[in-house]
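*Asks:* mind folding the following:
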Amino acid sequence: MQARWVRAFQLAAGGTVLLRGGIVGANFAIMVFLAAQMGFTAFGELAFAWGAVMVLATVVSCGGPLVLLRALTDGSGMGGWRIACFALIWPAGLTGLIWLPLQSLWPLPPWGVILAAAVAVNLLSCLASVVRALGYVQTSMVLRDGVPQLTLLSAWMLLSTPDAAGVLWLAAMLMLGLGLLGGAACLVALRGKAADRHVPSDAPALWATSILGGGVAQMDIVVGGLLMAPEVLGIYAILRRVANLVALPVSVATWVSAAEISAAKGAEDIQNLQNASAAGSRVAFTAGAVLFALGLMSIPLLHLVLPAVAGAMPQAVFLVLLCAAFGQVWFASGYTVATLCGLGRETVMARGTALMIYLGSVGLLSTALSPALNAALYGCAITASSVLLWWRLKGLLGVDTSAGVLWPGKEGEAWKPS
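*Replies:* Below you'll find the predicted structure:
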C-alpha cells in the first residue's frame, strides 16, 4: 500500500508540486516581511514598481523564454549568440527605445530602475528555459519564480537605508549578475549541441501570447479597481489570490511536460505528443482536484474572517473563483502544447478572445458590476478561451489537451506510463 502511494506521488510530480508551493509561500512571506520592515508607504511604492517590472519583462522579452524553451527541446537547436540576443541584447535595446516615451508620459515612476529590473527578470526567465532544456526541472522553476523576489529581500538586507528605488536597483544588479554567471555556465554546457538556427517564424506570436497572458491574468483586478471601491477590491483580491492556488499545479505541469511535448512535436510523433500532454494533465489534475476540494470545504468558514462585500457574500465570490481556477486545471496542457508545437497564433487568438469577452461583458454590465459578477465574467472569459484552444488543438493536431483524456478508455489509454 505504501509503495502504491509513493508511486502515485511520483506520477503526480509530487516533489515538484511541493517545491512550487514552497516557492509561492516563500514569495508571500518575503513580501509580508518587506511590508512590515519598510512601512506601507515605501512598500506600496515597491509593490507598484515590482508589478510594473513583471509586466514590462514580458513586453521587452521578444518572446525569448518560450522561443528558447522550444528551440532547445524540439531538436532544432539555437546557438550561443542567438540565445544571448533573446536573453539580454534585444531586451536591453528595446528598453532604450521605450524609456523616453514612458518618462515623458508618466514622469513620476522611476522608469529607468523599473526597465533595468525588467531586463534582469527576463534574463533569469531565459536562463530558466535553458536550464529546463538541460533537464533540470526544479532548478529552472526556482530560477524563474523564486530568485527574483529573493533578490528583493537580499537587496533590502544589504542596504543601510533601503527605499523602494534603492532596493529595486540593487535587486536588478543582483539578478543581472546571477543571470550572466548562470548563462555563461549554460553556454559551456550547450557548446557543440546546438546549431545557430534562424529565429522561429512564429516568434512574434509567442511574444504576443506572453504579453496577452499577463493582461488576462490581471484583467479582473485592473478593471475591478476602476469600478469597485478600494476596500471591496481588496477583499476580492484576497479571495482571488487564495482561489488561484487551485491552479498552482498548472505551472508545475508545464515544467514537467514541456521538454517531452517539444521533443515529440520535433519528431512529429503524435502518439508521444498525446502521452506527454496527458502526463501534464495528470500532474495538474491530481493536485488541482485536491486543492479544489479543500477550497470548497473552506467556503463555510469564510464568514469568520471576511465581511460581506458590497452586498455579495464572500462565499459566492470565492466559489466562482474556485471554479474558474479549476477550469484552468482541466485544460492545463492546452497552452503548453500550442506554444511548443508552432501554434503560437492559436494562443494569441485564445487569450485575445478572453480579453474581448471579459471587456465586452464589463462594458455592457459596468453599472451593475459586483464582486460576484466580476468573478463570473472573468471565469467565463478564461474558460471560454481554454475551450476554444482545446477545440483548435483537437482539430489541428488530433491531441486532446483536457483532463478528460485521463479517464480509462480515452485516447486508447495512451496516457498511462509504460
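*Asks:* where does the stretch 201-350 of the chain have low pLDDT?
*Replies:* Along the stretch 201-350 of the chain, the model assigns pLDDT under 70 to residues 201-203, 222, 225-226, 230-231, 233-234, 305-313.
*Asks:* what about the strands in it?
*Replies:* In the stretch 201-350 of the chain, no segments count as strands under DSSP state E, counting those that start in this stretch.
*Asks:* contacts for stretch 147-155?
*Replies:* Counting contacts by Cβ atoms under 8 Å, 6 or more residues apart in numbering, the residues outside stretch 147-155 that touch it are 26-27, 30-31, 33-34, 46, 50, 120-121, 124, 162, 166-171, 174-175, 178. C-beta coordinates here come from the backbone N, C-alpha and C atoms, glycine included.
*Asks:* hey, which helix is longest across this protein?
*Replies:* Among the elements of the chain assigned as helix by DSSP state H, the one spanning the most residues is helix 270-298.
*Asks:* how about it: buried residues?
*Replies:* By neighbour count on 16 or more other Cβ atoms under 10 Å, the buried set for helix 270-298 is 272-289, 291-292, 295.
*Asks:* also stretch 228-241?
*Replies:* Within stretch 228-241, the residues that count as buried by 16+ other Cβ under 10 Å are M228, V232, L233, I235, Y236, L239, R240.
*Asks:* residues touching M297, list them.
*Replies:* Contact partners of M297, counting by Cβ under 8 Å, 6+ apart, are absent.
*Asks:* tell me which element G182 is part of?
*Replies:* Assigned by DSSP states H and E, G182 belongs to helix 164-190.
*Asks:* that helix packs against which elements?
*Replies:* Helix 164-190 makes packing contacts with helix 14-38, helix 40-59, helix 80-84, helix 111-133, helix 147-158 when contacts are defined by 3 or more Cβ pairs under 8 Å, 6 or more residues apart in numbering; DSSP states H and E.
*Asks:* buried set for the shortest one?
*Replies:* Okay, so that is helix 80-84. Quick answer for helix 80-84 (16+ other Cβ under 10 Å): G80, R82, I83.
*Asks:* so what's the second one scoring on pLDDT?
*Replies:* Confidence at R82, expressed as pLDDT, is 83.
*Asks:* and what of the one 10 residues further on?
*Replies:* Among the per-residue scores, A92 holds a pLDDT of 90.
*Asks:* which one is it nearest to, not counting chain neighbours?
*Replies:* Distance criterion Cβ to Cβ, 6 or more residues apart in numbering; nearest residue to A92, sequence neighbours excluded, is V119 at 5.5 Å.
*Asks:* pretty sure that neighbour is touching W90, no?
*Replies:* No. Applying Cβ atoms under 8 Å, one finds V119 not in contact with W90, separated by 10.0 Å.
*Asks:* M175: neighbour count?
*Replies:* 26 (other Cβ atoms under 10 Å).
*Asks:* show me the contacts for it.
*Replies:* Taking Cβ under 8 Å, 6+ apart as the criterion, M175 is in contact with A117, A120, V121, L123, L124, V147, P148, T151.
*Asks:* how much space between it and V121?
*Replies:* Distance check for M175 against V121: by Cβ to Cβ, to the nearest Å, it reads 7 Å.
*Asks:* ok, T95 next?
*Replies:* As it turns out, when the distance is counted by Cβ to Cβ, T95 lies 12 Å from V121.
*Asks:* likewise I270?
*Replies:* I270 sits 35 Å away from V121, going by Cβ to Cβ.
*Asks:* if we can go back for a sec, which of the contacts of M175 sits closest to C323?
*Replies:* Set against C323, the nearest of these by Cβ to Cβ is P148 (30.4 Å).
*Asks:* what pLDDT is listed against the closest one?
*Replies:* Here the pLDDT value assigned to P148 is 91.
*Asks:* count the residues that sit near it.
*Replies:* By the criterion of other Cβ under 10 Å, P148 has 24 neighbours.
*Asks:* what do you get for the one 5 residues further on?
*Replies:* Applying other Cβ under 10 Å, we find 19 residues neighbouring L153.
*Asks:* check what pLDDT it gets.
*Replies:* You'll see L153 listed with a pLDDT of 91.
*Asks:* what separation do you get for it and V32?
*Replies:* L153 sits 11 Å away from V32, taking Cβ to Cβ as the criterion.
*Asks:* then L359?
*Replies:* Plainly put, L359 is 32 Å away from V32 if you go by Cβ to Cβ.
*Asks:* neighbour count: the two, which is higher?
*Replies:* L359 (15 against 11).
*Asks:* nearest to G213, of the helices and strands packed on helix 164-190?
*Replies:* For the helices and strands packed on helix 164-190, distance to G213 was read as Cβ to Cβ. The smallest value, 7.4 Å, belongs to helix 40-59.
*Asks:* figure out how far the helix or strand just after the closest one is from the centre of its chain.
*Replies:* Sequence order places helix 64-71 as the next helix or strand after helix 40-59, per DSSP H and E. The chain centroid and the centroid of helix 64-71 are separated by 15 Å, computed with Cα atoms, centre = their mean, to the nearest Å.
*Asks:* quick one, what contacts the spatially most central residue of the chain?
*Replies:* The centre of the chain sits closest to S251, judged by Cα atoms, centre = their mean, with a distance of 6.6 Å. The neighbourhood of S251, defined by Cβ under 8 Å, 6+ apart, consists of R20, M141, D145.
*Asks:* tell me which element the second one is part of?
*Replies:* Okay, so that is M141. For M141, the enclosing helix or strand under DSSP H and E is helix 137-141.
*Asks:* what's in contact with that helix?
*Replies:* The set of residues that contact helix 137-141 without belonging to it, under Cβ under 8 Å, 6+ apart, is 15-16, 19-20, 23, 128-129, 131-132, 251-252, 255-256.
*Asks:* same thing but at 10 Å, please
*Replies:* The set of residues external to helix 137-141 that reach it, using Cβ atoms under 10 Å, 6 or more residues apart in numbering, is 13, 15-16, 19-20, 23, 69, 125, 127-134, 182, 251-252, 254-259.
*Asks:* buried ones among those residues?
*Replies:* Using 16+ other Cβ under 10 Å as the burial test, the contacts of helix 137-141 include 13, 16, 19-20, 23, 69, 125, 127-134, 182, 251-252, 254-259 as buried.
*Asks:* and of the contacts of M175, the nearest to M219?
*Replies:* Using Cβ to Cβ, the shortest approach to M219 within those belongs to V121, at 21.0 Å.
*Asks:* that closest one against G64, yeah?
*Replies:* No. At 11.3 Å, V121 does not count as touching G64 under the criterion of Cβ atoms under 10 Å.
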